[in-house]
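Undergrad: Compute the structure for the input listed below.
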Amino acid sequence: MMTLRTTVAFTLGAFVAAFTVTERADAQASNYPSMQLPTASTRDYTAAVSSGAGTTALFQWREGWQPRRHWQLDAGLTDRKGSDNLALFVGGGIGQEIARARGDQPLDLLFTAGAGAAFGGGYTLVRIPVGVSIGHTFDLEQGMAITPYVHPRASVDIASSGGRNGGSQSEVSLNFDLGVNFQVNSQFAVRAAAAFTGSELAGSQDTFAIGFNWMPAPLARR
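TA: Just a heads-up that it's a prediction; the model follows:
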């Protein structure tokens, strides 16, 4: 576990980075919010729809493989704004808990890393994100809870196009998510998030997503 001083310094550093880096971009396989809570999952599934840079239908599967760690699969389709072609995207990643909220510090922190690619219309976009999800869960009555969180991520983005005039470009960018998870009961939650972007390669439109999260009953934490 991190000491309070280390946790505060790490958290402040993440927020400073998010506001001082001039280029920002989504750190996912396509341009959509990460929908990533600041705690490791045992097993859960999320189905979501994102809009802003076109319309994205998104499915996420998270599976725990150690008590404080999970791996993740993202897949879906994007109808990109200004394009006549659908883009298929797929990505994978891991989440590792850095700290859990306790008496001497109020924050949950989850380190995230992954890679993903989107394909469509002769255009390929590869993204390699690294970040940290930071938040806190507030317990409510009747087993409900609400978790606001922030998820800044630095990303290496590589775009390539085919054809005679094709080529490739790369950049380092930053995405900044603000999200909230409303836990209805031990199995179901509603999750919403906004991603503030600025990548030249992934598209500069900010995006918003809302989805439903399901945790199978035998693995429900609450």
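Undergrad: and whichever strand or helix holds Asp44, C-alpha only, in CSV?
TA: Per DSSP states H and E: Asp44 is located in strand 43-51. The C-alpha trace of strand 43-51 is given here as CSV (Å, rounded to 0.1, in the frame of the first residue of the first chain):
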residue,chain,number,x,y,z
ARG,A,43,-15.6,-10.2,-13.6
ASP,A,44,-17.9,-7.7,-15.3
TYR,A,45,-19.4,-6.8,-18.7
THR,A,46,-20.2,-3.4,-20.0
ALA,A,47,-22.3,-2.5,-23.1
ALA,A,48,-22.2,1.2,-24.0
VAL,A,49,-23.0,3.7,-26.8
SER,A,50,-20.7,6.7,-27.3
SER,A,51,-21.3,9.8,-29.4
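Undergrad: Identify each buried residue in that strand, please.
TA: Across strand 43-51, burial judged by 16 or more other Cβ atoms under 10 Å covers 44-46, 48, 50. From N, CA and C alone the C-beta is placed, and that goes for glycine too.
Undergrad: now do stretch 150-162
TA: By 16+ other Cβ under 10 Å, the buried positions in stretch 150-162 come out as 150-155, 157, 159.
Undergrad: Redo the residues you listed as JSON lines? Include secondary structure, distance to Pro129 and pLDDT.
TA: Converted to JSON lines, the buried residues of stretch 150-162 look like this (DSSP: H, G, I helix; E, B strand; the rest coil; distance: Cβ to Cβ, whole Å; pLDDT from 0 to 100):
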{"residue": "Val150", "secondary structure": "strand", "distance to Pro129": "15", "pLDDT": "98"}
{"residue": "His151", "secondary structure": "strand", "distance to Pro129": "10", "pLDDT": "97"}
{"residue": "Pro152", "secondary structure": "strand", "distance to Pro129": "10", "pLDDT": "95"}
{"residue": "Arg153", "secondary structure": "strand", "distance to Pro129": "4", "pLDDT": "93"}
{"residue": "Ala154", "secondary structure": "strand", "distance to Pro129": "7", "pLDDT": "93"}
{"residue": "Ser155", "secondary structure": "strand", "distance to Pro129": "4", "pLDDT": "90"}
{"residue": "Asp157", "secondary structure": "strand", "distance to Pro129": "9", "pLDDT": "90"}
{"residue": "Ala159", "secondary structure": "strand", "distance to Pro129": "15", "pLDDT": "88"}
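Undergrad: Go through those and say which is closest to Trp61.
TA: Distances from Trp61 to the buried residues of stretch 150-162, taken as Cβ to Cβ, are shortest for His151 (18.1 Å).
Undergrad: what sits against that closest one?
TA: Taking Cβ atoms under 8 Å, 6 or more residues apart in numbering, we find His151 in contact with 34, 36, 38, 112, 131-134, 175-177, 179, 193.
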